[in-house]
Every structure is written in C-alpha cells, then in structure tokens.
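> Let me see the structure of the following:
(one chain, ligands or ions: 1)
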Amino acid sequence: MNVLPPLAVAGAASSLMAWAVRGRSASVFGRSIWHGPRDRKAVALTFDDGPSESTPEILEVLAEYGVTATFFQCGANVDRLPEIAREVAARRHEVGNHTYSHPYLFLRSPDGIETELRRAQETIESHTGVWPCWFRAPYGARWFGLGRAQRKMQLTGVMWSTIGYDWNRRASEVVARMAASTSNGAILCLHDGRELRKKPDVRATVETVRRLVPLLLDRGYKFETIGRLLCPKI
Ligand SMILES: [Zn+2]
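As a prediction, the model looks like this:
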C-alpha cells in the first residue's frame with residue numbers, strides 16, 4: 001500500500017492553499033478572472049494603487065493613442081486625490097476597487113475584508129459617481145470571506161495574465177517582459193501608484209506605457225477596458 005508520508009501531505013496541502021490565495025487562475029475565495037477571450041486581438045491594460053500625482057501623465061499618454069484602460073483605485077488615494085480619480089472616470093476609463101487601505105487580505109476576518117471593499121466602493125462612488133464592478137486584491141492575495149463580500153457588492157475579482165513588476169524594475173525590462181507575454185485576451189497589470197504613498201516615483205510605469213502602447217498597437221492589438229474585453233457586445 002502506498003501511503004504518502006505526513007510531510008508530503010502537509011506540503012501538498014500548503015501548496016494548494018498557496019495557489020488558492022495567490023494563484024492567478026484560482027477562484028477558491030471568490031469569483032475571479034485572469035484572462036479574456038482568446039478569439040479577438042484585444043487586450044486590457046490595468047493599473048493598480050492609484051490615483052497618484054502621476055496618474056494624469058499616464059492619462060495623457062493613453063489619450064495620445066486613444067486607448068482606454070481600467071484603473072483599480074484605493075479608496076484612501078481617492079480621498080487624497082479626488083479630482084484625479086474623477087478625471088480617470090471622466091475620460092471613460094473603467095474604475096475598479098483595490099480596497100480602501102491596500103491591506104494584505106490573507107488571514108483577515110471576513111468582516112474586516114468586507115469593510116475594506118465597502119469603504120472603497122463608497123469612496124469611489126462618492127467622488128467619481130461610479131460603483132465599480134471589478135475588484136483586484138492587493139498583492140493578489142485572497143482569503144475566506146472575500147467571496148461573500150464580492151457577492152454583496154456585485155464585484156468580480158480580476159487577476160492578470162502578466163504583471164509588470166514595474167514597482168522595482170526598469171522600464172526596458174518591464175516592456176520586454178510584457179511585450180513577450182502578450183497574446184489575445186491578455187490582462188496586463190501595471191501600477192499608477194505605489195500602495196498609499198504620496199507622490200510615488202512611478203517613472204518606470206509612465207515610461208513603460210509610452211513604449212508598450214504603441215508597440216502593441218503596431219502588432220495589431222486593440223486596447224479595451226475589462227468590461228469591454230469580457231463583454232464586447234455591450
Ligand atoms: Zn496594489
């Protein structure tokens with residue numbers, strides 16, 4: 001009889017748990033998507049941790065190319081920079097929920113998780129008029145109670161097919177990494193802020209957007225919001 005030693009069982013259980021918490025394709029702790037349909041040459045550019053003082057610079061680059069994106073905003077940053085949050089929505093970009101204070105949700109209580117999501121929803125709505133329907137978990141970490149909170153607020157989780165590591169890499173590396181892994185339906189993750197930092201240094205992100213957008217347009221990709229990518233007929 002083959003019996004797995006207890007350590008192997010514990011190891012398998014813990015790697016399964018790690019996937020449930022951080023795996024981009026996991027929906028264990030709440031409905032979540034990480035990729036769009038592969039039958040159209042369209043991608044979604046997404047930004048987390050904004051708004052920041054540098055968000056307008058990114059908006060200008062996107063406007064130059066007539067591209068729309070999805071911005072997962074933190075409620076605390078929206079409270080700090082409400083005019084910039086409004087400008088994002090006014091330019092027809094999609095606004096998503098990235099919690100109020102950017103906590104690590106892992107091991108948090110279900111009520112604590114719900115409070116973070118609700119406070120962000122209400123803050124975003126009061127400053128932009130938008131009640132988001134997409135949620136991105138800080139650090140990509142999900143936990144028990146998130147699914148219930150998402151359902152209560154009609155939120156769907158959104159992970160990514162490629163993340164840029166733009167917070168600690170040079171633009172050239174980020175562009176190369178993202179361009180190499182982009183395919184139909186890709187959801188690309190960058191950051192127009194750095195958690196809740198004031199005046200964060202997002203130069204690598206701005207430079208990445210300047211180079212990546214024309215590069216992917218030249219390859220024939222269309223940029224869409226998450227809503228449009230998933231429901232092109234709406
Ligand atoms: Zn974040």
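
> Those residues of the protein touching the ion, which are they?
Residues of the chain lying near the ion by CB under 5 Å from the ion: 48-49, 138. Just so you know, the C-beta spots here come from the backbone N, C-alpha and C atoms, and that holds for glycine as well.

> Any chance of CSV for those, columns pLDDT and secondary structure?
Shown next, in CSV, are these (pLDDT from 0 to 100; DSSP: H, G, I helix; E, B strand; the rest coil):
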residue, pLDDT, secondary structure
48, 98, strand
49, 98, strand
138, 97, helix
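
> now those in a markdown table, with neighbour count and distance to residue 180?
Formatted as a markdown table, the residues of the chain next to the ion follow (neighbours: other CB atoms under 10 Å; distance: CB to CB, whole Å):
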| residue | neighbour count | distance to residue 180 |
| --- | --- | --- |
| 48 | 28 | 21 |
| 49 | 27 | 24 |
| 138 | 19 | 26 |
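
> now, which of the residues you listed sits nearest residue 74?
residue 49 (6.2 Å; CB to CB).

> Surely that closest one is in contact with residue 76?
No: contact criterion CB atoms under 8 Å: residue 49 and residue 76 do not qualify, at 10.4 Å.

> which residues are common contacts for the two?
102, 196 (CB atoms under 8 Å, 6 or more residues apart in numbering).

> residues touching residue 229, list them.
Applying CB under 8 Å, 6+ apart, we find residue 229 in contact with 36-37, 42-44, 185, 187.

> Output the residues you listed as a markdown table; include the columns secondary structure and distance to residue 200.
Compiled in a markdown table, the contacts of residue 229 are given as follows (DSSP: H, G, I helix; E, B strand; the rest coil; distance: CB to CB, whole Å):
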| residue | secondary structure | distance to residue 200 |
| --- | --- | --- |
| 36 | coil | 28 |
| 37 | coil | 33 |
| 42 | strand | 29 |
| 43 | strand | 25 |
| 44 | strand | 23 |
| 185 | coil | 30 |
| 187 | strand | 23 |
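
> Most neighbours of all those residues, which one?
In terms of neighbours by other CB atoms under 10 Å, these top out with residue 44 at 26 neighbours.

> Give me the spatial nearest neighbour of that one, chain neighbours excluded.
Using CB to CB, 6 or more residues apart in numbering and skipping residues adjacent in sequence, the residue nearest residue 44 is residue 229, 4.5 Å away.

> tell me the SS of that neighbour?
helix (DSSP: H, G, I helix; E, B strand; the rest coil).

> Same check on residue 220?
Going by three-state DSSP: residue 220 is coil.

> That one against residue 41, yeah?
Yes: counting by CB under 8 Å, residue 220 touches residue 41, with 5.4 Å between them.
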